[in-house]
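Asks: model this:
(2 chains)
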Amino acid sequence: MSYDLLLNAVAAGLLLGGFYAAVSLGISVAFGLLDVVNIAHPVFVILGAYAAYVMNARFGWDPVLTGLVFTPVFYLLGMAVYRVYYASFERKGEEALRGLVFFFGIMFIVEVLLILVYGVDYRLVEAPYIGESFHLGPVSIAYRLFVPFLGGVLLAGGVYLFLGNTFFGRAIQGVSQDSLALRLMGADPIRIKTIAFGIAIATASLAGSLLIIIGPVEPSIGREYIGRVFAIAVLGGMGSIGGTFAASLILGVVESLTSTFYGPSWSTAVSFGVLLLVLALRPAGLFGR
Amino acid sequence: MRGRTLLGVAVAVVIGGYLTTRFVSHGYFYFASYVILQYIMLATAWNILGGYTGYVNFGSAAFFAVGAYTSIVLIKAFKAYFIFLALAGGLASALLGLGIGYLTLRLRGVFFSIATLALAVVLQTAVINWGYVGGARGIYILRARSVPFFSSYTEFLFFMMVVFAVLSVAAAWWIENSWVGRGLAAIRDNEEAAECMGVPTLKLKLFATTVSGFFMGLAGAPFPYYVTYVEPSSAFNLDYAVNSLAMPMIGGTTSWAGPVVGAILLGAAQQIATVTISSAWNLLIVGVVLVAFVILAPEGLVGLALRLARKRGA
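Replies: Down below sits the predicted model:
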């Protein structure tokens, strides 16, 4: 085993981990803070990736540009989804069984729709930096990983600052703990949750535009991310943004080492193993209280 | 009394199933009925955990495929008899259910659901990398040339599926009408209160997960003989995961009749839609109907029918 190979694997893992943070932030907010078990989260990531693909193929837009332009659209979509979820399940206290099935149904419908419209072929985007790389000593860093990493770091930083330093952010952090106290502070818990869920879905679409920079995308690829995002959310301590970021880096490195030394097909099994281990040994996560 | 009537019905269905193989020789009939019987088993098995206890299993496809691949291994290694394949397939899935349940059911129910979602992806990866059972390329299974008492292997498989489906529905009926079922219903309604009243919640949940896994595996075990060519993407098909929860949800989750009604209606509708429209559209329809039912008619068709009957009676 060469030292260079190990270094490169760790570097690639860290870069991948930064991107995983972008994918998992929305789950940390929705599942960790709002207690909405949105298992359809990865499918919104895929939708974001397809938006990037369409705008790139039609108008030659850069995927990151598409991600930013489409953020408000996905924010509104997220708000709408939460409204339906709230009115149909959460208000009646039926979120455990039917709410989960609802999100599963959404996931399934979107996936089938994407297959019907775009087929099962892999889709990719073109941008000048994809395929280029730079060197840091013995480590070669591909821009197709570096750009998503940067995006993930900025997104995580942005969400972290927003949650900690703004009225809405603090209200989102408080809403799952004590919605009555929140109401006494003059904030409507449902409105706060709607906004937070919109933000969660908006981060998913941004993550999608980063996903398609890393590599080609097909409709069912989102399924691989379900185990991953929940493993990260639980490992990171449910709703802690810093914890989510750290957990993403850890999972990225472990996956990258696994795929370098045992073969890439096993990387999906890593997140599942991590998820089961954390649930069995320390359900509060590494950074949970 | 009611139990005895239903036992009579069950025996009648099995005898009727055998007589059918004497008189019907239409190939497509067996093809379509096999699929529907398979869905009756999957939906009933799903409902034993999901409907009675409220814990959602998204990984039915994984349990089904474990049954199918267990029997592939036994066919390859020992050329084992059909009944051993079926039992082994069921037991392997039961163990899988017990294991996943043991790791996740002590926590909140959602973790069980999430684990089952990821389970299918991981097991599929494992099978793809396992050359002995065909890996990604798939594997051909040869049927026995003749079976006693049946004129073809297809008819034999059909009859066995009738028996298995009756068994799984009977198990669901028994659970529903015993103290186990009352305990499970208590868990569904309020787990903490149930625990306080002395209901052994963890044991009951593990029991339900195991039984549910067993019947899903039993549904999957004959699959290699039915299709004669198995590849990972067909055994782990997402259709199974979707249908086995959509059928109880649409039929109604509180009684054994719901999954059966849902499986027959939705299964038959899909057979027709696959032939007349296309299989992708047909899946889209299942998804939309599922979401519509969860939002608009949470008690399912059986629940709706009961409510209408009660209104008319009052």
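
Asks: and the pLDDT at the residue nearest to residue B:118 when sequence neighbours are not counted?
Replies: In space, not counting the residues next to it along the chain, residue B:118 is nearest to residue A:227; the distance is 3.1 Å by Cβ to Cβ, 6 or more residues apart in numbering or on different chains. All C-beta atoms are positioned from the backbone trio N, CA, C, and that covers glycine. The pLDDT attached to residue A:227 in the predicted structure is 84.

Asks: okay, now residue A:227: neighbour count?
Replies: By other Cβ atoms under 10 Å in any protein chain shown, 27 other residues sit near residue A:227.

Asks: from memory it sits against residue A:267, does it?
Replies: No. Counting by Cβ atoms under 8 Å, residue A:227 does not reach residue A:267; the two are 10.6 Å apart.

Asks: hmm, back to that, just checking, what packs against the strand or helix carrying the residue nearest to residue B:118?
Replies: In this assignment (DSSP states H and E), residue A:227 forms part of helix A:223-235. Helices and strands touching helix A:223-235, as assessed by 3 or more Cβ pairs under 8 Å, 6 or more residues apart in numbering or on different chains; DSSP states H and E, comprise helix A:3-27, helix A:41-59, helix A:241-262, helix A:267-281, helix B:109-128.

Asks: do that again at 6 Å, thanks
Replies: Packing partners of helix A:223-235 (3 or more Cβ pairs under 6 Å, 6 or more residues apart in numbering or on different chains; DSSP states H and E): helix A:3-27, helix A:241-262, helix A:267-281, helix B:109-128.

Asks: who's in contact with residue B:173?
Replies: For residue B:173, the set of contacting residues under the criterion of Cβ atoms under 6 Å, 6 or more residues apart in numbering or on different chains consists of residue B:256.

Asks: give me the pLDDT for it.
Replies: If you check residue B:173, the pLDDT there is 91.

Asks: now it: phi and psi?
Replies: phi -60, psi -40 (degrees, to the nearest 10).

Asks: quick one: it from chain A, how far?
Replies: For residue B:173, the distance to chain A under the criterion Cβ to the nearest Cβ, to the nearest Å works out to 21 Å.

Asks: in the chain, where is pLDDT below threshold?
Replies: By default, I'm working from chain A. Applying pLDDT under 70 to chain A picks out residues A:1, A:94-95, A:288-289.

Asks: the chain in question should be chain B.
Replies: For chain B, the stretches flagged by pLDDT under 70 are B:1, B:314.

Asks: chain A contacts on that one?
Replies: Chain B has residues B:54, B:56, B:103-104, B:107, B:110-111, B:113-114, B:117-118, B:121-122, B:125, B:129, B:242, B:280, B:283-284, B:287, B:290-291, B:294-295, B:298 near chain A, with proximity defined as Cβ under 6 Å from any Cβ of the partner chain.

Asks: so which bits of the stretch 1-150 of chain A are right by chain B?
Replies: Counting by Cβ under 6 Å from any Cβ, the residues of the stretch 1-150 of chain A lying close to chain B are A:37, A:88, A:96-98, A:100-102, A:105, A:108-109, A:112, A:115-116.

Asks: Provide a PyMOL selection command restricted to the buried entries of the residues you listed.
Replies: For the buried members of those, the matching PyMOL selection, counting by 16 or more other Cβ atoms under 10 Å in any protein chain shown, is:
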select buried, chain A and resi 37+88+96+97+98+100+101+102+105+108+109+112+115
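
Asks: right, and the pair among the residues of the stretch 1-150 of chain A next to chain B with maximum separation?
Replies: Pairwise distances across those peak at 31.2 Å for A:96 and A:116 (criterion: Cβ to Cβ).

Asks: around chain B, which positions in the stretch 151-289 of chain A sit nearby?
Replies: Selection of the stretch 151-289 of chain A residues close to chain B by Cβ under 6 Å from any Cβ yields A:223-224, A:226-227, A:230, A:265, A:268-269, A:272, A:276, A:279-280, A:283.
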